[in-house]
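Visitor: All I have is the shape, not the residue letters:
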C-alpha cells in the first residue's frame, strides 16, 4: 500500500479511542509508511488538553494515551511554509490543514483525515 499522510483528527481517533478508531487504524496499519507534519504533535496535545478539560476525571488515562502516541511509527516531514500559504489560499483550508495536504501531494501519498473540508480538498486535487 502507498504511503499515508495522517492528520491530527485521524490520529486522535486512534490514540483516544474515538468512534472511527478502528477504520483509521486499519488504514495506518496497511500503509508502507505513515507520515505527518511537525504540527501534528501540537494538535494532538491540544486535543488531549480539550479532552482533559471535558473529562478531568480521566486526566491520567488521557495523558498516558497521548504519551504512548509518541511511540507510533510516524515519520515527520518538514513543510515549505510559503507553499502551504499558497495552497491554503487556493483551497480555502487553514494553513494547518493545508500542511497535511501539501505533504500528501509532495509525497504522492494518500491522506487519512476525519476532517471533511480537508478530505474534500484532497479529492478535488485527485480529480485534477
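Guide: Received, thanks. Only a predicted model underlies this, so the values are computations on that prediction, with no experimental measurement involved. Numbering: from 1, shown residues only.
Visitor: so where's the chain shaky on pLDDT?
Guide: Counting by pLDDT under 70, the low-confidence segments of the chain come to 1, 125-128.
Visitor: Which strands or helices does the longest helix seen in it pack on?
Guide: Secondary structure of the chain per DSSP state H: the longest helix is helix 39-54. Contact analysis of helix 39-54 by 3 or more CB pairs under 8 Å, 6 or more residues apart in numbering; DSSP states H and E lists helix 8-15, helix 59-69, helix 95-107 as its packing neighbours. Backbone N, C-alpha and C define where each C-beta goes, glycine included.
Visitor: Mind putting those helices into a markdown table with distance to residue 79?
Guide: Formatted as a markdown table, the entries for the helices and strands packed on helix 39-54 read as follows, by distance: least, CB to CB, whole Å:
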| stretch | distance to residue 79 |
| --- | --- |
| helix 8-15 | 14 |
| helix 59-69 | 20 |
| helix 95-107 | 5 |
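Visitor: which one of those lies closest to residue 82?
Guide: Residue 82 lies closest, by CB to CB, to one member of the helices and strands packed on helix 39-54: helix 95-107, at 10.6 Å.
Visitor: State the distance from the residue of the chain most remote from its centre to residue 108.
Guide: Residue distances from the centre of the chain (CA atoms, centre = their mean) peak at residue 57, which lies 26.4 Å from the mean C-alpha position. Using CB to CB, to the nearest Å, we find residue 57 at a distance of 44 Å from residue 108.
Visitor: so how far does stretch 25-43 reach from one end to the other?
Guide: As for stretch 25-43, its first-to-last residue distance stands at 18 Å under the measure CA to CA, to the nearest Å.
Visitor: cool, and stretch 32-43?
Guide: Stretch 32-43 has an end-to-end distance of 24 Å (CA to CA).
Visitor: What about residue 23, how many residues nearby?
Guide: A count of nearby residues for residue 23, using other CB atoms under 10 Å, gives 14.
Visitor: typo on my end, residue 28
Guide: If you count neighbours by other CB under 10 Å, residue 28 ends up with 18.
Visitor: tell me the SS of it?
Guide: Using DSSP: H, G, I helix; E, B strand; the rest coil, the secondary structure recorded for residue 28 is helix.
Visitor: Just to check, it is in contact with residue 14?
Guide: Yes: in this structure, residue 28 sits in contact with residue 14. The criterion is CB atoms under 8 Å, and the distance is 7.0 Å.
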